[in-house]
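Colleague: A predicted structure for the sequence below; I have some questions about it.
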Protein chains: 6
Amino acid sequence: MHVADETWPRPADWQAGPPYGGAYTFMRVPPSRDLQHADIAIIGIPFDGGTMYRSGTRLGPRGIRNASGQMRPYAVDPQRLEEPFRSLRVFDYGDIELYPGYIEQSLARVEQELTTVIEAGVLPVCLGGDHSLTLPVLRACRKKHGLMSLIHFDAHPDFWEGGPGRPYHHGTTFRLAVSEQLINPAGSAQIGIRGSISASIVDEARQAGFNLITADEFARLGVSATLERIHSLARGPVYVSLDIDCVDPAFAPGTGTPEVAGLTSREIVELVRGLRGLSVVGFDVVEVAPAYDPAEITCLLAANLVYEFLLTLAAR
Amino acid sequence: MHVADETWPRPADWQAGPPYGGAYTFMRVPPSRDLQHADIAIIGIPFDGGTMYRSGTRLGPRGIRNASGQMRPYAVDPQRLEEPFRSLRVFDYGDIELYPGYIEQSLARVEQELTTVIEAGVLPVCLGGDHSLTLPVLRACRKKHGLMSLIHFDAHPDFWEGGPGRPYHHGTTFRLAVSEQLINPAGSAQIGIRGSISASIVDEARQAGFNLITADEFARLGVSATLERIHSLARGPVYVSLDIDCVDPAFAPGTGTPEVAGLTSREIVELVRGLRGLSVVGFDVVEVAPAYDPAEITCLLAANLVYEFLLTLAAR
Amino acid sequence: MHVADETWPRPADWQAGPPYGGAYTFMRVPPSRDLQHADIAIIGIPFDGGTMYRSGTRLGPRGIRNASGQMRPYAVDPQRLEEPFRSLRVFDYGDIELYPGYIEQSLARVEQELTTVIEAGVLPVCLGGDHSLTLPVLRACRKKHGLMSLIHFDAHPDFWEGGPGRPYHHGTTFRLAVSEQLINPAGSAQIGIRGSISASIVDEARQAGFNLITADEFARLGVSATLERIHSLARGPVYVSLDIDCVDPAFAPGTGTPEVAGLTSREIVELVRGLRGLSVVGFDVVEVAPAYDPAEITCLLAANLVYEFLLTLAAR
Amino acid sequence: MHVADETWPRPADWQAGPPYGGAYTFMRVPPSRDLQHADIAIIGIPFDGGTMYRSGTRLGPRGIRNASGQMRPYAVDPQRLEEPFRSLRVFDYGDIELYPGYIEQSLARVEQELTTVIEAGVLPVCLGGDHSLTLPVLRACRKKHGLMSLIHFDAHPDFWEGGPGRPYHHGTTFRLAVSEQLINPAGSAQIGIRGSISASIVDEARQAGFNLITADEFARLGVSATLERIHSLARGPVYVSLDIDCVDPAFAPGTGTPEVAGLTSREIVELVRGLRGLSVVGFDVVEVAPAYDPAEITCLLAANLVYEFLLTLAAR
Amino acid sequence: MHVADETWPRPADWQAGPPYGGAYTFMRVPPSRDLQHADIAIIGIPFDGGTMYRSGTRLGPRGIRNASGQMRPYAVDPQRLEEPFRSLRVFDYGDIELYPGYIEQSLARVEQELTTVIEAGVLPVCLGGDHSLTLPVLRACRKKHGLMSLIHFDAHPDFWEGGPGRPYHHGTTFRLAVSEQLINPAGSAQIGIRGSISASIVDEARQAGFNLITADEFARLGVSATLERIHSLARGPVYVSLDIDCVDPAFAPGTGTPEVAGLTSREIVELVRGLRGLSVVGFDVVEVAPAYDPAEITCLLAANLVYEFLLTLAAR
Amino acid sequence: MHVADETWPRPADWQAGPPYGGAYTFMRVPPSRDLQHADIAIIGIPFDGGTMYRSGTRLGPRGIRNASGQMRPYAVDPQRLEEPFRSLRVFDYGDIELYPGYIEQSLARVEQELTTVIEAGVLPVCLGGDHSLTLPVLRACRKKHGLMSLIHFDAHPDFWEGGPGRPYHHGTTFRLAVSEQLINPAGSAQIGIRGSISASIVDEARQAGFNLITADEFARLGVSATLERIHSLARGPVYVSLDIDCVDPAFAPGTGTPEVAGLTSREIVELVRGLRGLSVVGFDVVEVAPAYDPAEITCLLAANLVYEFLLTLAAR
C-alpha cells in the first residue's frame, strides 16, 4: 500500500468548484494517462456496437461520470473507514477510441489499449458500453494474469453463439471467453440469470462448467449464501463483470435489455461489498444506457457500484 | 395439445428483421382473426373511457406490444422448458373498435366481439385499457363457461357503485359482476388492495363474499400462502384480471392511479406463475398508461406477465 | 378532539369538480390562514437555497399538492377506520414567502411565521423545500414546547459544519439544532443513514448523542424493532422530520441527493404508521424535487406519507 | 368599467408566498363562485371523453394554472399599459364536475353550469379539456346572446359527423353548432386548418358557410390580412375558440392530435392580440395535454394566450 | 395508374380498431412482401451502426410507424385531392434483418433485399435508421435505373472519408456514392448544410460537383427559388434522401446529431411537396431517434414527410 | 494573433476517444488554470441562488459542456474559414466555487476570481448559472476596461429593484450595473424584451438610458437593422450578456422563466455572428436549466452560441 504524499493525485485545480459543476472525471479524480504513477485506471469504453436491442450504452461512461459528481470520497459502508483515494492512486484514463459499425476493429483496439494498461501493473475499472467489450478486456488480462475466475452479475448468461461470420455481439462474450480459455468456468459464477431466455442456453452454460445462479435461485439463497458460494469457487485471479441489468428495472431502468424481477439495489450493493478478499484483477460495469434513465438513478447506482468496488480494494 | 406442423402460425414474413424494428404484434405472433385455427387470441382493448383519474390507458395495448418486441419465445422460468408457441396456436387479434365518450356502447361492442371469440373456443388474453373493459369480457365468458371464480390482482377492489344513470367506470366492475352473477365471490380472491380507499368499501366487498387480501395482509402472508389460498378457493372456470397498479409505482409507474407500498415485480411474477393448474378461461392485464412510463418498464412488466400466463397454459 | 358541525371545514365550493382538475390545496382541504379554527396547518416552504447538489425542491410543495389530488380522505391502512378530516380541522395555509439567495432572511421569515402558527395552538405539517427549513421550524416549536425529541428519517445525518460565515445549508440543520438546544439527541433517532458520507460524521453524530440507525442496520433490524427503539427513546414533545431521500431512488427518484440502497415505500409507510402514540408537535416532508420525478411517484409517496401522518393524529 | 376599491378581489391571503409555490388558481386570482361580484370567470373543464386519439386533456386546466404561476399581472405587450386585474374582476371558478365515459351527461352539466355563469353576466374563459366542451358553452352563450360569430383557431375544422347514436366527440363540435344555429358560419372564421384531413371536409365546412383559412393560406396571408378578414367578418356577439393544436408541435407539443407545419407562437399571440375590438362573449383554450409537454411550454403558451385575451378586454 | 378494385390492398382485418391501438404498419397499410401486387413498399431499415454520435435510430422505423397511426389517408395539402392509396398499391414490407456491429454485412444485406424489391418494379420508401443505409439503397437503384440525380436534405454533406479499413459510417455515404458513380453530382443538390463542419468539406463537396445550398443560403433563397433550382438540376431518375436533421431541433429534436438554426417544419413540408414532377425512383427519411423525442414530434414530422412524398406520386 | 506551435493547447491525451464519451470540457479544449498561456478562458459559474422562479441553472455549465461534445472545431458559418482554436488559446478554466444560499458571498467570490482572470489579460467566456452572476463579472471587467457598453439579449430587462436588505437576484443585475457605473446605458442595447413584465419597468430602463428593443420591435426591425443599431451604439469596450430565454421556448425550453413568442434559433445565431467587429471584453450565456431540456436542444444551442462568439474573435 502506498502512502499519500505531495505527488499523490488529488482533484486537479481546474476542477475546483461545486460538485454539480465542472469538467467531469469519475468522482473528479485527476485525468491522466500516466501509467507509471497509477494503481487503478477508470477507463471509459463507450461502445454499443454489440447491442442487440435498444442501443445507447455508448453514452454510459459519460452518464456514470456525471452521476459520480454527487459522491464524496468517503465510505458508503460506515463499517469501512478507509477512503480508497488515500491508499490507492486512482486516475481517470478517459475513453478509448472506438469505431461504430466495426466491432472487430473496436474490440482489437480495446484489447491493445488495455494490454498496455495492465502490463503497466494498473488495475482496470471499465465503464461500458455494452457487454461485448468485456471480451477484449479479458484477453488483455489473460496475458498478464493467466486463466481467471469470472464473477458475473447479469440477467443473461451471454453464452450464445454468434451468426455466420459475425462471432461478436454483447450476448456471445462468455462463450468466446471459455472457448479461448480466458476464464475457468468451474471457478466462475453467473448470478441473476432470468428473462426470456431458453432453458437450453442455461443448460449449455452449465454444461460448459459455469456455476449459474438464476434470479429465482438467488431469491431463495439470499446474499450471504451466494457470497459464500462465490468465495468457495473463485480461485486465483478473478475478473468481475457487472451488467447493470442484473438489477430490476425499477432500480436500473437505464439499460438496453431490462428484465423484470431482478435484484434490488441493496442486494447488488451487498454482493459487491462481499467481493472483498478476492484477488480481483479487473472490473467492469456495463450496459448503462442514459437515454432510458430519466431520473439518472441507473447512472447513480452504477457509479456507486464502482465506488463500492474501489472500497473493497482499499480494504486490502 | 396440438402438435406443431407446417400450418402452425409463425411470425409472418413481413415481420422478418430485428426485434427492435417492425410492424408490431404481441411478441410478433401472426396477426389474424381466423378463429378456426387459434387456441389463444391476444386482444387489444384500447379504451380509457372508464378512467376516473389520469387517462391514457388507451395507448396501453400499443405500449405492451412494443415492449414485447424485446422478448424471446422461451421460458422465463428456467424450470419450465415448454415454449408456449409450440403447443398453443397464439394469434394477435388486433384491437377492438371503441367509442371514446360512449362507455355503454363501447362495452357492448367488447361483449359482442368477445362472445364471438369465446364461442369459437378461443381463450382471450386482453390488453387494456382501463378496468371497465373486464365487465363485458366477463359477460362474454359467462355465456360459455357459466359462473366463474375471479382471481383479481389490484390496488383497488373496484367494488364501488356508479353514479345516477352512470353505472360504469373502472371502479364499478366487480360490484356489477357480482350483481349480474358473472362471478362467484366465495370462490374469488382480490389481492393487493390498499391506498386511499375507505374501510367501508373493503367491508362491503367482504360482505359480498370476496376473499380480499390487502397489500398489508399479503406482506405478512407471502407468495406461497397466498397461492395456497387462491388454489383452495378457485372452483370451476377461473377468470384472472390483473390491474398493473397492484404493483408498487417503483416497478409500474405507468398507470392512472398508482398507490404506494404495493407488490414487487418478483412477487407478481411468482403469483402469476403460481396460477398453473387452475382452469383459467380468460385473462387480462389492464390499466397500463404509457404516457407515465418514461423508461417503458411498466409496459415491459405487463408484457412479461402476459407471457408468464401463456407459460402456465403451455404447461397444462 | 373536536366534533364536526356546520362550520367544519370541507372542500370549498370552487373546488368542486373532478379530483384531477382544479385549483389545488393538499387533498383539496380548504385554503385558509384562520388560525383560530384550525388544528393542523399544511404549510408549503418552497425554498431550495440550502441545497448543495441538484436544486429544484422549491417546486416540492406544488408537486406534493398536485399528487395529493388523487387521494381520497379515507384510511390507507384498512385497520384504521378514522378519517382524519372528521376529527381534525385541517387547512392548507399556502406557502411562506422566501428569498432565494438569502438563506438567513428566509429562515428568519420561516421562524417568524411558524411561531405565529404554533403559538395559536396549530400543529404545523410542512412541505419542503430543502432540509435547511427544518431548523427555523424547530426554533419556533422550541419556544412553545421546549426541548424536543427528534425522529429523523434521512439518508444523511445533516450534521455537518457550515463554511466560514455560512452556517446554514441543508446539511447543517441538526448540528445547529443540537448546539442551539432545540432537540435532545439522547431522545432522538436518525434512521436510514447511508451513502458517500464519511465514517467520521457518523461518529460525530453518535458522539453528540444521536441514536443513529444506518440503512444497513435498519435492513437487519426491520421495521418493528426500529419502531420499538423509536418509542423507547422518544420523550416528551416529538418532532418528526422526513427527508424523502431516506427512501431508495427506485421509489423516490425525485430528490436532489438520492442515495442507493435505501428504504422501500412499504418500509417508510410502516414506519410513519408506527409513530402513532408519540406526542408529535410538528412534522415535515422535505427534499422532494419534481423535476427529477418524471412519473410523479415521489410526489405521490410524499403526499401519502403526509396523509399517513395525519391518520396517526386522528387515531389519538 | 369598474373602479378598483377595497372589495376588489386580490390574491387571497393564503396565497402569499413565492409564485412557484402555493395552492394554484389561474395567475393566483381569488378562487370564488360568487357570480355577483365577478366580470370574468376562469373555468376549468377537465374532460377528455371526446378525444379520438391520445387522451390526457383532462389535466389541461391543472397544467395551465400551474404554468400561469410564472406570470405577473402586467402587460405582455408593452404597448398596452392596462393591467386587466385593475379594471376587471377576475375569479377562478374552479372546475366543473364531469363524468368520464358519459359525454352526453358531461356536456349537459357543462351547459347547465355555464348557463348560470353567463346569465349572471359573467364572461366565461374556459380551460379545456377537449374540443367537445365548446358545444355546451356555445349552447349556454346562445341563450343569452343569440346567434354568434365564431373565431376558431385550430388545425382541424371539427366539422365531422358523429357515429350512429354517438353524435359527440371533439371533431363534431362545429357541425353541430351550425346545425343547432348557435353560430353563424358566414360571420365566422376557421384559421390554421391543415393535416391529414380530407379535402371533402374542408369543402363541407366551406359549403356550410365557414370562412376557412388553411394553414397554407395563412402562411401566405400573414397576420395582418388575416386579422382584417376576421374583423370584416365578425358581426354581433363573438365567441373565440382556440385549439392549441393550431400552433406547430414545436411550440405546442402537449396536445392530443398535433399536426406539423402550424402557426408559430408569435403568430398566435399576435392573432389573439388582434381580437381587440370584437364583442367577445366567451373564450376557450382547449386540447392542452400536459403528459406530452415535458418542458411545460404548451401550458405556458396556453396561459399566456388566456392572459393576452384578458388584456384585449381590459383595453375596452 | 391503377384502378382500385376488390383486390386492392386495404387495411387488414386484424387492424380494425381505433387508430391509437393496434398492431402497427405505416398508416396501417397492409403488411406484405408480395412484390407482384405492389407499387410502393414502405421498408424499415432499423440500423444505427453507422452513427458517430448519439445512437438510437434503430428504433426510428418503429417510432415513425407508431406516429403514423394518427394520420388519415387524406391530402394534407387541401389543394391535392388525390388520396394516394386509391391510385397506388402501398404495402408495409416490414424491416430488413441487420447485424449490429457488422456494418459491411448489414449494408450488403440491405443492397441484396432492395435489389429484389426494385427489380420487381416496386418503388422503395425507406425508414431509417442512420444515413449509412442510403448507400446500399442507391447501389440497388443504380442497377435498375442507372446514374441518378440526388436530392439530399441534411444538415451535413455526408461527404467525409472513412477511416483506414473502415470506409462506412453515416458521414461517408455520398462521397462513396459519387466515387461509385451511383449519382451524378452535377444533377444533384444538398440543401440545409450547416453546423460545426469545416469549410473544407463544403469545398470538397462542391468541387465534386454537388450543388450545395447551405442553411444560410437557403434562408436567403427561400422555398420557391430553392425548388426552382432543384427542378432545373434534376435530370433523369432522381433519388431523394431526407435526413431529419435538416430541420431545426425545435421541430425535430429526436435525432443523433441535431444542428441549430435549421429549416422549419413548414419549409421542409413545402420542399417535399415541391418535388412533384420529378422522376423519383426512391425515397428515404433517415436519422430519426425516438429516445430523444419525448413528445413524439419528430416521429410525427417524419411520418408526415413520407406521406407528403406519397402524395407527390399520387399526383402523377 | 498568435501562431500555433508545439506548445499550443490541443485536446489533452486523456480526452482521446469518441466525442460522445469522455471527461468533458467545453468542446474538449484543455482544462487549465494557467492564465499565462491563455487568450480565452471558458469559466463555469454554476450558481442559481438568484433565480426567482424555477431553479436548476446550477447544472447549466455541465449541460453546455456535455452538449458541446458533439461540436467539431470548425466554422459553423461556412463563410468564415478561420477555426478559432488555431489563432486563439482557449482553455476550460473549470467552475468557480459558490455558496448556495449566500448570494453575496458567492458574487464576491466570482468577482475576485474573475478579476484575476481579467487582470491576466484573458477574455472570460462565462457559462451560467443565473443572471445574477453577470454583475460581479461586470465589476471585474470594469476594473480593467473602464465603463462598458452592454449588449444584452434577454426576455427581461433585469432592471428591477431588490427587496429590503436583498439587493441581488437575477432580475436586479442591470439596475445595479448602471447605478455602480459599470456600464453606459446610452451605449447599450437590450434586445428581445417581452413577457409578463410591467410597462413601467420598460419605461424605467429606457429612462435610465438603455436602448431597449422589445421582441415585438425586433420582429419588425429584423436582424440586420438590429445589428446596425447595435454597432451604431456600442462604444469602447463591450460586454455581451446572452440570457438564453431571449429565444422562444420551442428552441430553448431549458430555462427557468421562459417567455413565449421569442427569437428563433436562426435569429440569435445571426445576431451573435453580427457582433464581429465590436471590442468585446467579456461574454456570458446564462439561464440554461438542463432539467427542463429533455432533448438537450437548449444546451446545444447555448454551446453553439458560445462557439459562434469564439468565431467572431477568431475573425479579428
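Modeller: Looks like it came in fine. Residues are numbered from 1 along each chain as shown, chains lettered A, B, ... in the order given.
Colleague: Can you spell out which helices and strands pack onto the particular helix or strand that has A:I64 in it?
Modeller: Using DSSP states H and E, the secondary-structure element containing A:I64 is helix A:60-68. The elements that helix A:60-68 packs onto, with contact taken as 3 or more Cβ pairs under 8 Å, 6 or more residues apart in numbering or on different chains; DSSP states H and E, are strand A:40-45, strand A:123-128, helix A:297-314, helix F:60-68. Every residue, glycine included, has its C-beta placed from N, CA and C.
Colleague: In chain A, what residue lies closest to chain D?
Modeller: Here the residue of chain A nearest chain D is A:P294; by Cβ to the nearest Cβ that distance is 9.4 Å.
Colleague: what's the pLDDT at A:R80?
Modeller: pLDDT for A:R80: 51.
Colleague: when you scan stretch A:84-96, is anything in it near chain C?
Modeller: No: using Cβ under 8 Å from any Cβ of the partner chain, no contact is recorded between stretch A:84-96 and chain C, whose separation bottoms out at 11.4 Å.
Colleague: Same question for the least confident helix or strand in chain A by mean pLDDT: list its buried residues.
Modeller: The element with the least model confidence among the helices and strands of chain A, by mean pLDDT, DSSP states H and E, is helix A:84-87, at a mean of 80. Applying a neighbour-count criterion of 16 or more other Cβ atoms under 10 Å in any protein chain shown, one finds A:P84, A:F85, A:S87 buried in helix A:84-87.
Colleague: mind exporting that helix as CSV, just the C-alpha atoms?
Modeller: Below are the C-alpha coordinates for helix A:84-87, written out as CSV (Å, rounded to 0.1, in the frame of the first residue of the first chain):
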residue,chain,number,x,y,z
PRO,A,84,-9.8,4.5,-1.2
PHE,A,85,-8.1,7.6,-2.6
ARG,A,86,-5.7,7.6,0.4
SER,A,87,-4.2,4.3,-0.3
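Colleague: now for that helix, which elements pack on it?
Modeller: Packing partners of helix A:84-87 (3+ Cβ pairs under 8 Å, 6+ apart): helix A:297-314.
Colleague: The helix it packs on relative to strand A:123-128, how many degrees between them?
Modeller: Here helix A:297-314 runs at 170 degrees with respect to strand A:123-128, directions being taken by axes from the mean of the first three to the mean of the last three Cα atoms, to 10 degrees.
Colleague: burial of the closest residue to chain F within the stretch 151-300 of chain A, as a residue count?
Modeller: Chain F sits closest to A:P294 of the stretch 151-300 of chain A, with a gap of 8.0 Å, by Cβ to the nearest Cβ. Residue crowding around A:P294 was assessed by other Cβ atoms under 10 Å in any protein chain shown; the count is 20.
Colleague: low-scoring stretches of chain A, by residue?
Modeller: A:1-16, A:22-23, A:74-83, A:315-316 (pLDDT under 70).
Colleague: which residues does the residue nearest to the spatial centre of it contact?
Modeller: When chain A is reduced to its mean C-alpha position, the nearest residue by Cα atoms, centre = their mean turns out to be A:D284, at 1.7 Å. When contacts are counted by Cβ atoms under 8 Å, 6 or more residues apart in numbering or on different chains, A:D284 touches A:P124, A:V125, A:C126, A:L127, A:G128, A:L133, A:T134, A:V137, A:V240, A:S241, A:L242.
Colleague: between these, which is nearest D:L182?
Modeller: A:G128 (62.9 Å; Cβ to Cβ).
Colleague: in terms of contact, does that closest one touch A:R62 like I think?
Modeller: No: under the criterion of Cβ atoms under 8 Å, A:G128 is not in contact with A:R62, lying 11.8 Å apart.
Colleague: Which of these two has more residues huddled nearby?
Modeller: With other Cβ under 10 Å as the criterion, A:G128 and A:R62 differ in neighbour count, and A:G128 comes out ahead with 32 against 24.
Colleague: mind checking how far that one is from A:D284?
Modeller: Taking Cβ to Cβ, to the nearest Å as the measure, A:G128 falls 6 Å from A:D284.
Colleague: Please apply the same query to A:F218.
Modeller: Remark: distance between A:F218 and A:D284 (Cβ to Cβ) = 20 Å.
Colleague: which residues touch A:S188?
Modeller: So, once contact is read as Cβ under 8 Å, 6+ apart, A:S188 ends up touching A:S149, A:L150, A:I151, A:H152, A:G209, A:F210, A:N211, A:L233, A:A234.
Colleague: And the strands in the stretch 101-250 of chain A?
Modeller: Per DSSP state E, counting those that start in this stretch, the stretch 101-250 of chain A carries strands over the ranges A:123-128, A:149-153, A:189-193, A:211-214, A:238-243.
Colleague: Most proximal residue of the stretch 151-300 of chain A with respect to chain B?
Modeller: A:P253 (3.5 Å).
Colleague: isn't that residue right next to A:D293, touching?
Modeller: Yes: with contact defined as Cβ under 8 Å, A:P253 reaches A:D293; the gap is 6.1 Å.
Colleague: Which residues of the stretch 201-316 of chain A lie near chain C?
Modeller: For the stretch 201-316 of chain A, the residues found near chain C under the criterion Cβ under 8 Å from any Cβ are A:248, A:250-251, A:264-266, A:269, A:294-297, A:300-301, A:304, A:307.
Colleague: and of those residues, the nearest to E:Y24?
Modeller: If you rank those by distance to E:Y24 using Cβ to Cβ, A:P294 comes first, at 24.2 Å.
Colleague: and the closest one, helix, strand or coil?
Modeller: coil (DSSP: H, G, I helix; E, B strand; the rest coil).
Colleague: my guess is it contacts B:D293, does it?
Modeller: No: shown here, A:P294 and B:D293 do not form a contact pair, counting by Cβ under 8 Å, at 10.4 Å.
Colleague: quick one: the helices in the stretch 201-316 of chain A?
Modeller: Remark: helices assigned in the stretch 201-316 of chain A by DSSP state H, counting those that start in this stretch are A:215-233, A:265-273, A:297-314.
Colleague: The ones you listed: which one's closest to D:G94?
Modeller: Using Cβ to Cβ and comparing the helices of the stretch 201-316 of chain A, the one that lies nearest D:G94 is helix A:297-314, at 36.7 Å.
Colleague: what inclination does that closest one have with respect to helix A:60-68?
Modeller: Per the same axes, to 10 degrees, the angle that helix A:297-314 makes with helix A:60-68 is 80 degrees.
Colleague: Check which residues of stretch A:233-242 are buried.
Modeller: Buried residues in stretch A:233-242, counting neighbours by 16+ other Cβ under 10 Å, are found at A:L233, A:A234, A:P237, A:V238, A:Y239, A:V240, A:S241, A:L242.
Colleague: Also stretch A:272-285?
Modeller: Buried positions in stretch A:272-285, judged by neighbour count with 16+ other Cβ under 10 Å: A:V272, A:R273, A:G274, A:L275, A:R276, A:L278, A:V280, A:V281, A:G282, A:F283, A:D284, A:V285.
Colleague: Many thanks, have a good one.
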